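Asks: Below: sequence and its predicted model.
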Amino acid sequence: MRSETSKYRHITAPYCQGAGVDIGSAGDPVVPHAIQIDLEQPYCPPLGPGPIHLKGDGMAMSEWFVPESLDFIYSAHLIEDFHRLVQELVLRRWNVHLKRGGHLIILAPEITRWKAAVAAGQPPNEAHKHEPREGELSGMVKTIGGYRVIMDACPDPNDYGLVFIARKL
């Protein structure tokens, strides 16, 4: 099975320089040096050789990292597993650990495209609580403040993937 990360690695990996994490990696990190974080019992099968370095849900970043210690935070197809109102809280918690000049990179299924993919036969994912629309993650980081959005778009017209990249100012 091909990971969602592999679809857009050519776009996202250049923003994953220095010390950083891949939250929800399923064993296929965006870059080899990323610290991989995933659930103790992930709900999807491993998509790469791993290893998972830290086991948890990605909300408990303070247990592992001091504030402003990471150059990048990457997460593929995790944000949609949180309810809409919790998504902003997740981003606020991640923000604490991102250095100034660091990058926040998120892949997610875009809601309209995702619904079309499911209607066309893509298996639904019961873990999803809220798939974002283009621009929605930009709005959340605007509320948090201190980011310059680099990308918040679906770069492949034949895929449901939304790529969000922002630099912390």
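Replies: Looks like it arrived, so ask away. Keep in mind the model is a prediction, meaning the values are calculated, not measured.
Asks: in this structure, which ranges drop under the pLDDT threshold?
Replies: Applying pLDDT under 70 to the chain picks out residues 1, 40-50.
Asks: Now with 90, please.
Replies: 1-3, 24-28, 37-63, 85, 126-127 (pLDDT under 90).
Asks: for this protein, longest strand please?
Replies: Longest strand in the chain, counting residues (DSSP state E): strand 98-109.
Asks: partners of that strand, with directions?
Replies: If you go by DSSP bridges, strand 98-109 pairs up with strand 70-76 (parallel), strand 161-168 (antiparallel).
Asks: Name the secondary structure element that contains residue 152.
Replies: strand 147-153 (DSSP states H and E).
Asks: what comes up buried for that strand?
Replies: For strand 147-153, burial by neighbour count (16 or more other CB atoms under 10 Å) applies to 147, 149, 152. From N, CA and C alone the C-beta is placed, and that goes for glycine too.
Asks: give the contact list for the last one.
Replies: Spelled out, it's residue 152. Residue 152 sits next to 134-135, 137-138, 162-165 when contact means CB atoms under 8 Å, 6 or more residues apart in numbering.
Asks: same thing but 7 Å
Replies: By CB atoms under 7 Å, 6 or more residues apart in numbering, the contact set of residue 152 is 134-135, 137-138, 164.
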